[in-house]
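Predicted model and sequence below, questions to follow.
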Amino acid sequence: HQESSLASKRVCIIGAGMSGLCTCKHLLQKGLEPVVLEASSGIGGVWQKTFAITKLQTPGFAYQFSDFPWPTGTPPYPSTRQVMDYFESYARRFNVWSKIQFNCKVASIHRLDKDLNFTGTWGHNGGPSAYGRLPDDCSDGVWEVRVHRNRTVDEVEETIEEVLHFDFIIMCTGRFGDVPRIPSFPPGKGAEIFRGTVLHALHYSALDKARAYELLNGKRVVVVGLQKSALDVAMEAAIANPGVGGHPCTLIYRKAHWVMPLAASSGTQLAILYFSRFMEFLAVKPDQGVFLSILSKIFSPGRWAVSKFVELSLLLSLPIRKYGLVPDESFYQQLSSCVVTRLPDDFFSQVETGHIRPTRSPNWSFCEKGVILDDGTEVEADVVILATGYDGHSKLKSLMPDIYKDVLQDKNNLIPLYRGIIHPQIPDIAIVGFQEGPSNLHTSEMQARWLAYFLTNKFRLPDILTMEDHTRKWTQYFLRNSTSFFRRACIGTIQIWHTDQLCRDMGWNPRRKKTWIAELFAPYSNLDYQDDEQDRIEDEVDTMKQQESQKQLSYCLQQQIHHCLTWRQLKWTVWKQNMSKVWMPMNFSRDTLLK
């Protein structure tokens, strides 16, 4: 079983969002045949259900697949429909769609090894093959995955349970969606005493445009939060209650974040200022060594100066000081924590007219008529929408096999992942798309590409202790650079450094620019990481070898063509040398032979 070929290696991808799509594409490119299990009826993940006004908050030039650019004429910040069309076109272009099994929800995952003792290496000698002793009656894979599949029979929906077996599982479930984070309250101060409607942004996003408008129109709305979802919901509430008589929307938040407008220029400026090698040189990074760490600390005032420059420009261009929205942390620290967000169009116009009222209240609770702020002020409300985020850790933990649930998170409630992908203590499972960066698409695609190389034995992992030491260094970096309320695996200001490590593992040159000036000062994007020409040639050769006896054909071409054999003699020679291993008709064409 462990010596099975790549063609027989069964790989399961859970989730058909952005991460699942690019993971499937890169595995297909390397000759694997993955199965994608998607619980819903479509692709796109969180983009399937968004708010009406939601747009991509990463500039389009930074959020595109390396070998599949946006169509000409796409705006700098595409809409939800444009993002979904882009994903669907990508899935069709690279034959990903045919590998997805829709309406197929994973119920449980069970490991079939009889012996689960670690030997010091992850997988089998640091490789991707399953290790441990499988039951004698099971040769289909080391993982047993139970799925609930929804189907319609005679116009009646029913759910059936199936058992599937795989050698390797890739979690592409993402950090957002499915499991809402709900604030807790003391007894008698929670939502149970409120006479109005309470729902999370997750459930609000499931409403169509008409039902969402009906919920908000003519209502006193309170939105809790200040990240992207909260800002979008507050804008929709303001739009649903226009004019002098429209009810204002109260936007309650506990901590301010730096915000930026949805303007093409702002995305370009941010990329120039922060997403270059020179700017990353000013940051103290994990695994960079003593000498580089000393240099980074010496030149760290440059990092502080750039942060202050950005803060000053935002203070001058946006009325954030007027409305008490100036954060306590620096722009650099919040960018390092991945909490800098984009404003919806005309957001401050609605604030100026009083249709949105930002209100800071670190502690609040429900009352019969609405909510009570920490200063005792009562805000009357008909609808309270909790845009308080998602519990990505619980979502991931719910899918993990029981034997690994306790080791998934460390004492800091972070998930320690080697290269942001592999948990050292959980063999034969990878996680793609859980680590955040300035472009989550770039992070996910590089992780998918790295994983495809790993699964096709292009490199091996170090031992478990080495990987754990690596994850400890990165965890220390995340804790040092995170804000108090947002501790997460974010590579917001060191994405190039992280990508360099993945490139070196794959045998790529991490320096992707053509000149040293561009290498130092030009911003990096996902288009800089297109597959190398040599890699494309190797992929094509590997595919040909799997489809026919390429080795024998190449031998014949090398040995016989140069001897000036006639076409009839050459065909006969090729046929004789291959007939013992593969069936080959005598009437194959000249084009077939040359290929």
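Cool, the structure landed.

For stretch 204-220, buried residues please.
Within stretch 204-220, the residues that count as buried by 16 or more other CB atoms under 10 Å are 204-205, 207, 212, 215-216, 219-220. Yep, even glycine has a C-beta here, placed from its N, CA and C like the rest.

just those now: which is nearest Y453?
Of all the buried residues of stretch 204-220, Y453 sits closest to S205, with 35.8 Å by CB to CB.

Quick check: nearest residue in space to the closest one, chain neighbours excluded?
K49 (4.6 Å; CB to CB, 6 or more residues apart in numbering).

ok, now L441?
In space, L441 is closest to Y63, 4.9 Å off (CB to CB, 6+ apart).

which phi and psi does that neighbour have?
In terms of degrees, to the nearest 10, the main-chain angles of Y63 are phi -120, psi 70.

Correct me if wrong: it contacts S439.
Yes. Contact criterion CB atoms under 8 Å: Y63 and S439 qualify, at 5.5 Å.

what touches both of the two?
N526 (CB atoms under 8 Å, 6 or more residues apart in numbering).

Give me the distance from stretch 210-226 to the chain's centre.
Centroid separation for stretch 210-226 versus its chain: 29 Å, with CA atoms, centre = their mean, to the nearest Å.

Just the CA atoms of that stretch, as PDB, please.
Only the C-alpha atoms of stretch 210-226 are listed here, as PDB (Å, rounded to 0.1, in the frame of the first residue of the first chain):
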ATOM      1  CA  ALA A 210     -35.500  41.300  -0.800                       C
ATOM      2  CA  ARG A 211     -35.700  39.600   2.500                       C
ATOM      3  CA  ALA A 212     -32.700  41.500   3.800                       C
ATOM      4  CA  TYR A 213     -34.300  44.800   2.800                       C
ATOM      5  CA  GLU A 214     -37.500  43.700   4.500                       C
ATOM      6  CA  LEU A 215     -35.700  42.900   7.700                       C
ATOM      7  CA  LEU A 216     -34.000  46.300   7.900                       C
ATOM      8  CA  ASN A 217     -36.500  48.700   6.300                       C
ATOM      9  CA  GLY A 218     -38.200  51.000   8.800                       C
ATOM     10  CA  LYS A 219     -36.300  49.300  11.700                       C
ATOM     11  CA  ARG A 220     -34.000  50.500  14.400                       C
ATOM     12  CA  VAL A 221     -30.900  48.500  13.700                       C
ATOM     13  CA  VAL A 222     -27.900  47.900  15.900                       C
ATOM     14  CA  VAL A 223     -24.800  46.300  14.400                       C
ATOM     15  CA  VAL A 224     -22.000  44.900  16.600                       C
ATOM     16  CA  GLY A 225     -18.500  44.900  15.300                       C
ATOM     17  CA  LEU A 226     -16.100  46.900  13.100                       C
END
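
what does it contact?
By CB under 8 Å, 6+ apart, stretch 210-226 touches 51-52, 183, 197, 201, 204, 207, 230, 233-234, 236-237, 240-241, 247-253, 255-257, 341, 358, 364, 370-371, 379-389.

Now a PyMOL select for only the buried ones of those.
Here is the PyMOL command that selects the buried residues among the contacts of stretch 210-226 (16+ other CB under 10 Å):
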select buried, resi 51+52+201+204+207+230+233+234+236+237+240+241+247+248+249+250+251+252+253+255+256+257+341+358+364+370+371+379+381+382+383+384+385+386+387+388+389
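
Tell me which of the contacts of stretch 210-226 fall in helices.
Per DSSP state H, helices hold the following members of the contacts of stretch 210-226: 201, 204, 230, 233-234, 236-237, 240.

Now V198: closest residue in space, sequence neighbours ignored.
Sequence neighbours aside, A191 is the residue nearest to V198 in space, at 4.4 Å (criterion: CB to CB, 6+ apart).

you'd agree that neighbour is up against F366?
Yes. A191 sits in contact with F366 when judged by CB under 8 Å, with a separation of 5.5 Å.

Quick check: neighbours shared by the two?
In contact with both A191 and F366: 185, 198, 384, using CB under 8 Å, 6+ apart.

part of a helix, is L441?
Yes. Assignment of L441 by DSSP: H, G, I helix; E, B strand; the rest coil places it within a helix.

Would you check that it makes contact with Q64?
Yes. Here L441 reaches Q64: they are 7.0 Å apart, a contact under CB under 8 Å.

shared neighbours, these two?
In contact with both L441 and Q64: N526, using CB under 8 Å, 6+ apart.

Just the residues contacting stretch 176-194, thanks.
45-46, 49, 198, 200-203, 224, 365-368, 370-371, 381, 384, 386, 388-392, 394-395, 398.

Give me the subset of the residues you listed that lies in strands.
The strands in this structure, assigned by DSSP state E, contain 198, 200, 224, 365-366, 370-371, 384, 386 from the contacts of stretch 176-194.

sorry, back to before: just the pLDDT at the residue nearest to V198, thanks.
Reading off the confidence values, A191 has pLDDT 94.

That one: neighbouring residues, count only.
When neighbours are counted by other CB atoms under 10 Å, A191 registers 17.

and if you look at the one 3 residues further on?
The local packing of F194 (other CB under 10 Å) involves 19 other residues.

Check whether the spatially closest residue to D287 that is not a sequence neighbour sits in a helix, strand or coil.
Of all residues not flanking D287 in the chain, K473 sits nearest, at 6.0 Å (CB to CB, 6+ apart). Following three-state DSSP, K473 is assigned to helix.

ok, the residue nearest to L441 - contacts?
Here Y63 is in contact with 56, 439-442, 526 (criterion: CB under 8 Å, 6+ apart).

D374 too?
Residues counted as contacts of D374 (CB under 8 Å, 6+ apart) are 361-364.

Farthest-apart pair in those residues, please.
Across these, the two lying at the largest distance from each other (CB to CB) are P362 and W364, at 8.1 Å.

which of L441 and Q64 has more neighbours?
Using other CB under 10 Å as the criterion, L441 and Q64 rank with Q64 on top: 23 against 20.

thought the more buried one was touching W70?
Yes. In this structure, Q64 is within contact of W70 by CB under 8 Å, at 5.3 Å.

anything in contact with each of these two?
Y86.

tell me how far whichever strand or helix holds A305 is from the chain's mean position?
Assigned by DSSP states H and E, A305 falls within helix 300-317. Remark: helix 300-317 is offset 29 Å from the chain centroid, using CA atoms, centre = their mean.

what's in contact with it?
258-261, 270, 273-274, 279, 282-284, 320-321, 326, 330-332.
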